[in-house]
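>>> Here is a sequence together with a model predicted from it:
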Protein chains: 2
Amino acid sequence: MARVRKTVTIRDVAEDAGVSLQTVSRVVNGGPNVRPQLRDKVRASIDRLGYVPSLAAQRMSGSRSYIILAINDRERTLADWRARLGTDWVDQMLLGGILTCSQHGYRMMVELVDTHSDHVERELGAALSALQPDGVILTPPHSENRLITQLLAERNIPFARIGSNAPGPGIPLTMGDESAAHLATSRLIELGHRRIAMIAGPPQYSLSGWRIDGWKRALDEAGLPHDGLLEVGDFGYASGTRAARALLDRHADLTAIIGSSDQMTLAALEVARDRGLSVPHDLSLISFDNTPIVRFSQPPLTAVDQPIAETVSRAVEQLIARGPDGDDDAVIEVPAGLVERYSTAPPPVEAPAQAQAHAPGRA
Amino acid sequence: MARVRKTVTIRDVAEDAGVSLQTVSRVVNGGPNVRPQLRDKVRASIDRLGYVPSLAAQRMSGSRSYIILAINDRERTLADWRARLGTDWVDQMLLGGILTCSQHGYRMMVELVDTHSDHVERELGAALSALQPDGVILTPPHSENRLITQLLAERNIPFARIGSNAPGPGIPLTMGDESAAHLATSRLIELGHRRIAMIAGPPQYSLSGWRIDGWKRALDEAGLPHDGLLEVGDFGYASGTRAARALLDRHADLTAIIGSSDQMTLAALEVARDRGLSVPHDLSLISFDNTPIVRFSQPPLTAVDQPIAETVSRAVEQLIARGPDGDDDAVIEVPAGLVERYSTAPPPVEAPAQAQAHAPGRA
DNA sequence: CCGCATCTTGAGAGCGTTCTCAAGACTTGT
DNA sequence: ACAAGTCTTGAGAACGCTCTCAAGATGCGG
């Protein structure tokens, strides 16, 4: 019973194949200068014995740890966590990250960091010391956290900043927020809308600004106004309710709203319903994020799809490919797409298609 | 520039504190037999230098790896993955798992395994060899996968089976599916419902059966029928639509449906809407899972809340506490709660309250 | 105040890899 | 056929920690 299965080590393989440890190591790591014949022999032994190198041992001797650490936001309590509803960031990250990592023989680990905590540095520092990851992936809002980026730079650990295009250390990746907002806005203009509002995210997030920029640019290009058509929320549901009400109160002629998060847009949907506005016939809605919840509202929301999985995947690739060097400052942009569902339609006919610069509101 | 920051090792601490490596190690690991005075001195050095032991090195020498591996299902493509909508399993697991792990100085890693793949064994085996985790957490549908449980038992790695109460190796944990279903059903009976149907999950999942059991038991206890009131789905949306239609076609007097997944229940909601049935006034709905999507339907769904985070947390604790021994066969049951939202109400008055014995419907 | 048990500390080996460096086998140019 | 490479292979140290075991310090009963 419970006969202890000894782990297969590189030594067992070496013996089995009748070569030295070093040769096996070379074969495993695809090193050069091994005669094909020998290589095959070693490979056969590896397969037969089912040898897989120990990550820990590799880390010990080699210069790499084969670990990529992804830093995610942590809510303080379970309740907070659940309240984040619909945030499938972690799911997406894992899909993109784990798969890409394993393709390169790497592993991804997730670290949950509390932004509000005073000891972010200590927490993160401990994780870095324990794991000694070859690369770190920062997600918003950590991507632009000075404390964190500095710590990483100091320790000379390559890292990717998702959702940040600021200069400075670390590889910046964005999901094309400006163009996505531009795309969404343009689509609405195309449908005939002339009063298009935006509920933006909080200013601490750079991407909030980018989205506003894209929205404004599309409006400007079409010669449409944007004064008073902007409200700021915090990505949460309640703030969306507030913003949508303010917008609708202020502009009777509003026919479309772009929300900077699924929650805020869902809130706008609710506000519209309360006021007897039919979506999309009276009011068109476009959301940002495209998390799963948005497919189950009534109607399902047209949304800008954040390519999180792919972005993380790209980040992993960059971290693995570039060594500690790579001061290449180019921002990597993974474009977001627009998923059209049923919350967008042409504006109500009562809203005359221009000529009357300003729509007369709805009956 | 880029001065390479040397990692702080146990040796540095030993030197700083003027003691041997061994003593530092003992202090770090809370070993006994160290004079308080010395311990404090060492602790001071540790803090000053910011020493954190390297996981890899600990694994190398010690008998433990301080790694818990969580096995999750992997969909083959990004599209499949996204289609799982609303499944925040991974999020929940991480919350429960990572936090609990770090409390004990452990780390959690996630491995994505494709159930449909032929080489599950090879994939998993490789992960086990590379990581040498101290424990493994299996989630449905892997919890009852013979190939996997055997592999683990063979390698003598402690593991937890979430959503399985079968005998055999591994620590079984359930989320009280039987009693949760019983609770949900009882609640409906209490409200006055007499025709309560269930859309069950696929039979490959044990929990599908448990939920049916709980539903039947509550019905039996109240002397209510269950013939023809059961439909089976696959947890997916489409199957829910099919099942709800069948149920509603068959029983004009149906006033409540319990769905074994959020998706299926959401589908039932849609079917009801299509038929002009108002939820909850004409039809009450209770869902299983309580993933975030369920809070944004119209109306928000009353749902059985799967305590995934807590279950995983318990699993981690068990794995860490028990050594390789622990053949304690007791099933650990983390009870699920019922979150009442707005999809449940007394049945319409037209549904006669029967000879009284049973709830009088609503006023 | 001695002898023995117990507590405290340290020395050295070992974990499974990769790294560095050197030695032998093969080429190649003349 | 010989010197000077280049390829191929292996030996041994090193990585940072914990384990085992032994030695010194301390405590206690008589």
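Arrived safely, thanks for sending.
>>> show me where chain A has helices.
Ranges of helices within chain A are A:10-17, A:21-28, A:36-49, A:55-61, A:78-83, A:89-103, A:120-131, A:146-154, A:177-191, A:206-221, A:237-250, A:262-274, A:308-321, based on DSSP state H.
>>> So which of those is nearest residue B:39?
With CB to CB as the criterion, residue B:39 lies closest to helix A:120-131 of the helices of chain A, at 20.0 Å. Heads up, the C-betas are built off the backbone N, CA and C, glycines and all.
>>> neighbours around whichever residue of the stretch 251-363 of chain A sits closest to chain B, how many?
Across the stretch 251-363 of chain A, the shortest distance to chain B (CB to the nearest CB) belongs to residue A:292, at 3.6 Å. Residue A:292: 24 surrounding residues under other CB atoms under 10 Å in any protein chain shown.
>>> With residue A:202 instead?
Counted with other CB under 10 Å, residue A:202 comes out at 14.
>>> What of the one 5 residues further on?
The local packing of residue A:207 (other CB under 10 Å) involves 27 other residues.
>>> Pull up the gap between it and DNA strand D, please.
39 Å (CB to the nearest atom of the strand, to the nearest Å).
>>> can you check residue A:19 too?
Distance, residue A:19 to DNA strand D, using CB to the nearest atom of the strand: 4 Å.
>>> what sits against that residue?
Contact analysis of residue A:19 by CB atoms under 8 Å, 6 or more residues apart in numbering or on different chains lists A:38, A:41-42.
>>> most neighbours, which of those residues?
Highest neighbour count within the contacts of residue A:19, by other CB under 10 Å: residue A:42, with 24 neighbours.
>>> what's the closest non-adjacent residue to residue A:148?
In space, and not counting its chain neighbours, residue A:148 is closest to residue A:142: 5.5 Å by CB to CB, 6 or more residues apart in numbering or on different chains.
>>> State the distance from that neighbour to DNA strand C.
Residue A:142 is 30 Å from DNA strand C, by CB to the nearest atom of the strand.
>>> Next: residue A:283.
From residue A:283 to DNA strand C the distance is 60 Å (CB to the nearest atom of the strand).
>>> I'd guessed that residue sits against residue A:257; true?
Yes: applying CB atoms under 8 Å, one finds residue A:283 in contact with residue A:257, separated by 6.8 Å.
>>> my read: the residue nearest to residue A:148 touches residue A:113, true?
Yes: judged on CB under 8 Å, residue A:142 makes contact with residue A:113 at a distance of 6.5 Å.
>>> Quick check: neighbours shared by those two?
Counting by CB under 8 Å, 6+ apart, the common neighbours of residue A:142 and residue A:113 are A:71, A:73, A:148.
>>> Bridging across strands, which residues link to the first one?
Beta-bridge pairing for residue A:71 (DSSP bridges): residue A:111, residue A:138.
>>> Could you pull up the residues touching it?
Shown in contact with residue A:71 (CB under 8 Å, 6+ apart): A:111, A:113, A:124, A:136-139, A:142, A:148.
>>> which of these lies closest to residue A:20?
For the contacts of residue A:71, the nearest to residue A:20 is residue A:136 (35.9 Å; CB to CB).
>>> and the closest one, how far is that from residue A:120?
13 Å (CB to CB, to the nearest Å).
>>> Settle it for me: which of the two has more neighbours?
Per other CB under 10 Å, whichever of residue A:136 and residue A:120 has more neighbours is residue A:136, with 29 against 18.
>>> Name all residues that make contact with that one.
With CB under 8 Å, 6+ apart, residue A:136 has these contacts: A:68-71, A:128, A:152, A:157-160, A:319.
>>> ok, now residue A:345?
Contacts of residue A:345 by CB under 8 Å, 6+ apart are A:191, A:280-281, A:284.
>>> of those residues, buried ones?
A:191, A:280, A:284 (16 or more other CB atoms under 10 Å in any protein chain shown).
>>> Ramachandran angles for the residue nearest to the second one when sequence neighbours are not counted?
I take that to be residue A:280. Of all residues not flanking residue A:280 in the chain, residue A:345 sits nearest, at 3.8 Å (CB to CB, 6+ apart). Main-chain dihedrals, residue A:345, degrees, to the nearest 10: phi -160, psi 170.
>>> Quick check: residue A:345 vs DNA strand C, distance?
On the measure of CB to the nearest atom of the strand, residue A:345 and DNA strand C end up 59 Å apart.
>>> ok, now residue A:68?
Taken as CB to the nearest atom of the strand, the span from residue A:68 to DNA strand C is 17 Å.
>>> State whether that residue and residue A:109 are indeed in contact, as I suppose.
Yes: here residue A:68 reaches residue A:109: they are 7.4 Å apart, a contact under CB under 8 Å.
>>> anything in contact with each of the two?
The contact lists of residue A:68 and residue A:109 share residue A:133, where a contact means CB under 8 Å, 6+ apart.
>>> In terms of packing, which of the two has more residues around it?
Neighbour count, other CB under 10 Å: between residue A:68 and residue A:109, residue A:68 has more, with 28 against 21.
>>> Check that one and give its pLDDT.
As predicted, residue A:68 sits at a pLDDT of 97.
>>> Now for it: which residues touch it?
A:97, A:101, A:106-109, A:133-137, A:316, A:319-320.
>>> What residues does chain A have near DNA strand C?
Within chain A, the positions near DNA strand C by CB under 7 Å from any atom of the strand are A:7, A:9-11, A:21-22, A:25, A:28-29, A:51-54, A:57-58, A:60-64.
>>> Can you say which of those are buried?
Neighbour counting over the residues of chain A next to DNA strand C (16+ other CB under 10 Å) leaves A:9-10, A:25, A:28, A:51-54, A:57-58 as the buried ones.
>>> about what we covered before: ok, and the most crowded of the contacts of residue A:71?
residue A:137 leads the contacts of residue A:71 on contacts (other CB under 10 Å) with 31 neighbours.
>>> who touches it in this structure?
Contact partners of residue A:137, counting by CB under 8 Å, 6+ apart, are A:68-71, A:93, A:97, A:159-160, A:162, A:312, A:315-316, A:319.
>>> what do you get for residue A:233?
A:199-202, A:239-240, A:242-243, A:260-261, A:264 are the contacts of residue A:233 under CB under 8 Å, 6+ apart.
>>> Could you find the closest non-adjacent residue to the residue nearest the centre of chain A?
The centroid of chain A falls nearest to residue A:308 when counting by CA atoms, centre = their mean (3.6 Å). Using CB to CB, 6+ apart and skipping the chain neighbours, the partner closest in space to residue A:308 is residue A:92 (3.9 Å).
>>> how does chain A divide into domains?
A:67-175+A:308-334, A:177-307 (automatic domain parsing).
>>> out of the ones you listed, deepest packed?
domain A:177-307 (a mean of 21; mean count of other CB atoms under 10 Å in any protein chain shown).
>>> Between the two ends of that one, what distance do you get?
11 Å (CA to CA, to the nearest Å).
>>> same thing with stretch A:215-229?
Rule used - CA to CA; the end-to-end distance of stretch A:215-229 is 11 Å.
>>> Enumerate every residue touching the residue of the stretch 101-250 of chain A found nearest DNA strand D.
In the stretch 101-250 of chain A, the residue that lies nearest DNA strand D is residue A:129 (8.0 Å; CB to the nearest atom of the strand). Contact analysis of residue A:129 by CB under 8 Å, 6+ apart lists B:7-8, B:50-52, B:54.
>>> Looking at the residues you listed, which is nearest residue B:275?
Closest to residue B:275, out of all of the contacts of residue A:129 and judged by CB to CB, is residue B:52, at 61.2 Å.
>>> In space, what's closest to that closest one - neighbours in sequence excluded?
Leaving out its chain neighbours, residue B:52 is closest to residue A:129 (CB to CB, 6+ apart), at 3.6 Å.
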